[in-house]
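>>> Just the structure for this:
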Amino acid sequence: MNSSITIEHRSMMTLSGVRSVERITDSSVSVFTEEGDMVIRGERLETDEFNPESGILVIKGRIDSLVYTTEKHHLSDNIITRLFR
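Just a heads-up that it's a prediction; the model follows:
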């Protein structure tokens, strides 16, 4: 699955390569992508559509930033995981 990002007028973002949507709030969306965990920040954010089979996610609202937070690994941050780091 390829990964790409398209932002139109800072008001709509289309992401491909999304494996799961972890958290959605009015000011941030956290997703797990082919390239690692990503956080999108902004205002009035909402997911317009998400297709898990194709990995396409569309986000609408004012997009201020996006940041990859890890590199291609997705681990729950529980006590056992933290002990063995």
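>>> Mind checking what secondary structure Ile59 has?
Here Ile59 is recorded as strand under DSSP: H, G, I helix; E, B strand; the rest coil.
>>> so how far is Val67 from it?
14 Å (Cβ to Cβ, to the nearest Å). C-beta coordinates here come from the backbone N, C-alpha and C atoms, glycine included.
>>> which of those two has more neighbours?
Ile59 (24 against 9; other Cβ atoms under 10 Å).
>>> Could you find the closest non-adjacent residue to that one?
Met13 (4.6 Å; Cβ to Cβ, 6 or more residues apart in numbering).
>>> Name the SS class of the one you found, please.
Met13 ends up strand, using three-state DSSP.
>>> Read off the pLDDT value for it.
On pLDDT, Met13 comes in at 96.
>>> wait, it sits on Ile5?
Yes: counting by Cβ atoms under 8 Å, Met13 does reach Ile5; the two are 6.8 Å apart.
>>> hey, where'd the helices end up in this protein?
Applying DSSP state H to the chain gives helices spanning 79-83.
>>> wait, what's in contact with the residue nearest the centre of it?
Nearest to the geometric centre of the chain sits Val31, at 2.7 Å (Cα atoms, centre = their mean). Contacts for Val31 (Cβ atoms under 8 Å, 6 or more residues apart in numbering) come out as 15, 18-22, 37-38, 40, 57.
>>> contacting residues around the closest residue to Val58 other than its chain neighbours?
Closest residue to Val58 apart from its sequence neighbours, by Cβ to Cβ, 6+ apart: Asp48 at 4.2 Å. With contact set as Cβ under 8 Å, 6+ apart, Asp48 has these partners: 12, 58-60.
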